[in-house]
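J.: return atomic coordinates for the entry below.
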Amino acid sequence: MKLVLFESPGHAEPVPGLITDRGIVSLAPAVERQYTPQLTMQWIIDRFDRLRPEFERLAIEEQAYPEHSLRLRAPLPRPGKILCCIANYWEHAQREARPLNMFLKNPEAVVGPGDTIVLPKLTEPWIFMHEAELALVIKGPAKEVTQANWRSAVFGYTGLIDVSARGEGRRTWKAGSWLGKSFDTFAPIGPCIVTADDVPEPNDVVVRFWNDGQLRHNYNTDDMEHRVPELVEFASTVMTLNSGDIIACGTNHEGLGALQDGETVEIEVQHVGRMSLKVSDPLKRIWERGIYMGADSTNPDAVKRHRPQG
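T.: I've put the predicted structure just below:
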């Protein structure tokens, strides 16, 4: 199932919905609206097994609206935690996995389909880059989950763009990961949450990203240095994961490029779907356009893999 939040006439807050072959149907008749849309989605996650038969009935009987006629919002507007992997993909000629590590990204940075990534009005010598990623949606509470039991803690999957500010001269993180990653609008999420049963193997998912139609990211999650079960075990060993939390799985850095004013960007995660956003820069800065690392990764005819064989 693909769960969404969408704007509906007569409702002050986004309404939970389901993407079906007929269009989007409202799940409002089966859901107890909570204080915020985020809490409503967490309520659904916690009760999904019980709610599923009613959702399946609504998918058939409820009025459906064409997707293009509705405004989708981020399916998790304010996650309690957004954990992001640092690196985590085999790249270039690398032959040894780097240590697994993560950082926390600001939940206030979340935006959704059709929104705008706004670059900060700072005069630091930074360049702002995109990182398209598969993200895990947690079902909690999950603490000290073993790799063998990782599925118990994963409700589903979504797409996330980890927008990143880097020092322009060396194109690395500036003053620590969290700072360059946590500006408002730097965590686009969506377009939906696809439930885990609809993704047979999260480490065999294609992630793509376009900037004004130019394909930049084009990789398979099979190239993760540390695979999904290990990510769940690692994160839940450090902290308790709650329903609606997110673990972003990292990106293949070979397709990185700059984001700048007036551009349209799109992320597509296999099984999840595709969403588009605008980019706005109040200072109208200009950087070199194109790919900064590994132009071969944009080959549309082949998903490049670097995982060492054997």
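J.: in the stretch 101-250 of the chain, which spans are strands?
T.: Ranges of strands in the stretch 101-250 of the chain, per DSSP state E, counting those that start in this stretch, are 102-105, 110-111, 116-118, 126-129, 132-138, 154-161, 164-167, 187-195, 206-211, 214-220, 246-248.
J.: report the mean per-residue pLDDT for the shortest one.
T.: Averaging pLDDT along strand 110-111 yields 98.
J.: quick one: strands adjacent to that strand?
T.: strand 187-195 (parallel) (DSSP bridges).
J.: buried residues, stretch 87-104. List them.
T.: 87, 88, 89, 90, 91, 100, 102, 103 (16 or more other Cβ atoms under 10 Å). Where C-beta positions appear, they are placed from N, C-alpha and C, glycine not excepted.
J.: and the third one, what does it touch?
T.: If I follow you right, that is residue 89. By Cβ atoms under 8 Å, 6 or more residues apart in numbering, the residues touching residue 89 are 219, 223, 224, 225, 250, 251, 252, 253, 306.
J.: closest one of those residues to residue 187?
T.: Proximity of those to residue 187 (Cβ to Cβ) peaks at residue 251, which lies at 13.4 Å.
J.: burial measure for the closest residue in space to that closest one that isn't next to it in sequence, as a count.
T.: What sits nearest to residue 251 in space, not counting adjacent residues and going by Cβ to Cβ, 6 or more residues apart in numbering, is residue 131, at 4.0 Å. For residue 131, the count of nearby residues is 21 (other Cβ atoms under 10 Å).
J.: now residue 131: phi and psi?
T.: Backbone torsions for residue 131, taken as degrees, to the nearest 10, come to phi -140, psi 100.
J.: surely it meets residue 254?
T.: No: the criterion here is Cβ atoms under 8 Å, and residue 131 misses it with residue 254 at 11.3 Å.
J.: off-centre distance for the helix or strand harbouring residue 18?
T.: Residue 18 belongs to strand 15-20 when assigned by DSSP states H and E. Offset of strand 15-20 from its chain centre (Cα atoms, centre = their mean, to the nearest Å): 18 Å.
J.: who are the packing partners of whichever helix or strand comes after it?
T.: Tracing the chain C-terminally past strand 15-20 and defining elements by DSSP H and E, one meets strand 23-26 next. With contacts defined as 3 or more Cβ pairs under 8 Å, 6 or more residues apart in numbering; DSSP states H and E, strand 23-26 has these neighbours: strand 15-20, helix 37-61, strand 64-65.
J.: where are the low-confidence patches of the chain?
T.: 92-94, 168-177, 293-310 (pLDDT under 70).
J.: now do the helices in the stretch 151-300 of the chain.
T.: Ranges of helices in the stretch 151-300 of the chain, per DSSP state H, counting those that start in this stretch, are 177-181, 228-238.
J.: return the most buried member of the ones you listed.
T.: Among the helices of the stretch 151-300 of the chain, ranked by average contacts under mean count of other Cβ atoms under 10 Å, first place goes to helix 228-238 (a mean of 19).
J.: what packs against that helix?
T.: Using 3+ Cβ pairs under 8 Å, 6+ apart, helix 228-238 sits against strand 132-138, strand 246-248.
J.: contacts for the shortest one?
T.: Read it as strand 246-248. Against strand 246-248 from outside (Cβ under 8 Å, 6+ apart): 76, 79, 81-85, 102, 105, 133-138, 158, 160, 162, 189, 231-232, 235, 241.
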